[in-house]
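Asks: quick one, what's the 3D model for this:
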Amino acid sequence: MSILADADSAGGVFSLFRAGVVSLLLPRDRRTAALTLDLYQPARGRAVALKKFAHMSNSAGILRFMFPQCAAGVDPRKGWLLANHTKPSPAILSVDAVTMTVTKHGLPGSGVAAEGARIAAFNNAGIPGIANVLRYDTKMSESFATPYYPPANLRTLRDRRVERLLLSWLGAGFFHGDFAPWNLRLDDGGKLLAVDLECSRIDPAMAGMDLCYGLLREAMLVRRLAPDAAEKWVLASAAFFPEYMRASGWEGRVGEWLKRGKEYYAQTL
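Replies: Sure thing, here's the model as predicted:
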């Protein structure tokens, strides 16, 4: 792992990496760095991921802007990920290798704590297959914490485990809203579990759309298919989920299913 930029404000204990709108502050501790990088990309893609990272200068104090914790000295047991620094109120994820927890931090008014409270309500309602909120804070800061879940390393959503997960949500009308291979991890029992629940809600009217949206994202962003080819691939993929398509009410209506999924996809761009 090459060091692209040292974090001066953290005493040289960290190195800063960036790829597009994703930034990572990786500690020297290899295990913590690996866990942090796994939030961005599964282990099998780490080397490729780091080659894509470009140098980010700290001359303008950018670390203090993006990672406020640097001002007070960052805990060297943790790694940090800034998911999208182009947003007005970007959220930061921290990984604690000692407690094996992931904490999402946000600026006051960012809604991060409310997100944690909403997920905790889903947990209390017994919604299966989603991250478990350990705590959320609305007084001192906008944050919530979950256990660290290892990546599932799915190559595609066309996996029977994905169908079982989606089927488990139908009864409660749970809608993830940001379904994609990279938002799927493994629980302690090795079953699939969804994270990144910022857009999640109870919405029975959206039954079937998590699958369509997720397949569209895989086709466009992972497989890099042209729009027409992506649509054909998604339509063909519906045949891999017969039980889910039937249970969600879309059996025999795949054209209409795709049209509605495309509408939701367009809303998220």
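Asks: going by C-alpha atoms from here, please, whenever you check contacts or count neighbours.
Replies: Noted.
Asks: residues contacting the strand or helix carrying residue 117, please?
Replies: Assigned by DSSP states H and E, residue 117 belongs to helix 112-124. Around helix 112-124, the neighbours that count as contacts under Cα atoms under 8 Å, 6 or more residues apart in numbering are 91, 104-106, 130-133, 135-138, 141-145, 197-198.
Asks: ranges for the strands of the stretch 101-250 of the chain?
Replies: Using DSSP state E, counting those that start in this stretch, the strands of the stretch 101-250 of the chain run over 101-106, 135-137, 142-147, 174-175, 184-186, 192-194, 201-202.
Asks: still on that earlier bit, of the contacts of helix 112-124, buried ones?
Replies: Buried subset of the contacts of helix 112-124 (neighbour count, 16 or more other Cα atoms under 10 Å): 91, 104-106, 130-133, 136-138, 142-145, 197-198.
Asks: what sits up against the longest helix seen in the chain?
Replies: Identified as the longest helix of the chain according to DSSP state H is helix 254-268. Helix 254-268 is contacted by residues 208-209, 212-213, 216, 231, 234-235, 238, 250 when judged by Cα under 8 Å, 6+ apart.
Asks: output those residues as TSV; include the columns pLDDT and neighbour count.
Replies: Converted to TSV, the contacts of helix 254-268 look like this (pLDDT from 0 to 100; neighbours: other Cα atoms under 10 Å):
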residue	pLDDT	neighbour count
208	95	24
209	97	23
212	98	25
213	97	24
216	97	26
231	97	20
234	98	21
235	97	18
238	97	20
250	97	19
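Asks: between the residues you listed, which sits nearest residue 96?
Replies: Using Cα to Cα, the shortest approach to residue 96 within the contacts of helix 254-268 belongs to residue 213, at 31.7 Å.
Asks: break the chain into its domains for me.
Replies: Split into domains by automatic domain parsing, the chain comes to 8-147, 160-268.
Asks: for residue 154, find the nearest of those.
Replies: Nearest to residue 154 among those is domain 160-268 (6.1 Å), distances taken as Cα to Cα.
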